[in-house]
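[1] Okay, predicted coordinates and the sequence, questions at the end:
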Amino acid sequence: MAVETKFVVVRKGEEKMTFANKKEADAYDKMLDMAEAFTDWLLQHQPGLDETQAETLGLLIAEQKDAVQHILRTSKLPEAAPSVDITVAEKDDHEEVAEEATSTKKVRAVKAA
């Protein structure tokens, strides 16, 4: 019998995503926290904005935070990244983000047979 450990990100009682390791689950959970904060911010500053649209925009901004940070720093669009290959620098950046994500409040381990 094989035993697998899976990490499940749960939001408001709903399973959002399952991961094979804790780092990826924590990074995803952190991204969802960021998306929620952006959604709340958008709704505060644009009261006429539909909640679904605000959630979609909040998630987009959180998912594309590196590009948003680049635009805020330089006032320019980032160069298009290669769609297939990830450079060593980008890989290191992604690993740093995953290491920084330490929130475990919404992540639970599940053992499946």
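    Received it, and whenever you're ready, just let me know what you need.

[2] ok, which stretches of the protein are strands?
    Ranges of strands in the chain, per DSSP state E, are 4-11, 14-19, 107-112.

[3] center of this structure - which residue?
    Residue closest to the average C-alpha location in the chain (C-alpha atoms, centre = their mean): Met31, at 2.5 Å.

[4] Look at that residue and report its pLDDT.
    Here the pLDDT value assigned to Met31 is 95.

[5] Could you pull up the contacting residues of it?
    Residues in contact with Met31, defined by C-beta atoms under 8 Å, 6 or more residues apart in numbering, are 62-63, 65. C-beta: built from backbone N, CA, C; applies to glycine.

[6] what do you get for Asn21?
    Asn21 makes contact with Phe7 under the criterion C-beta under 8 Å, 6+ apart.

[7] Try it again at 10 Å.
    Residues in contact with Asn21 (C-beta atoms under 10 Å, 6 or more residues apart in numbering) are 5-7, 27, 98.

[8] How about the lengthiest helix in the chain, which residues are buried there?
    The residue-count maximum for a helix in the chain (DSSP state H) belongs to helix 22-45. Neighbour counts over helix 22-45 (16 or more other C-beta atoms under 10 Å) mark 22-35, 38-39, 42-43 as buried.

[9] Now do the same contact list for Ile58.
    Actually, residue 58 is Gly rather than Ile. With contact taken as C-beta under 10 Å, 6+ apart, Gly58 is in contact with 32, 34-43.

[10] quick one on the thing from earlier: let me know which of the strands of the chain is tucked in deepest.
    A comparison of the strands of the chain by mean neighbour count, using mean count of other C-beta atoms under 10 Å, puts strand 4-11 on top with a mean of 15.

[11] Quick check: mean pLDDT of that strand?
    90.

[12] again, but for stretch 57-65
    In this model, stretch 57-65 has an average pLDDT of 96.

[13] Next up, the contacts around Leu60.
    If you count contacts by C-beta under 10 Å, 6+ apart, Leu60 has them with 35, 38, 68.

[14] Could you find the closest non-adjacent residue to Leu57?
    The shortest distance from Leu57 to any non-neighbouring residue, by C-beta to C-beta, 6 or more residues apart in numbering, is to Leu42 (5.8 Å).
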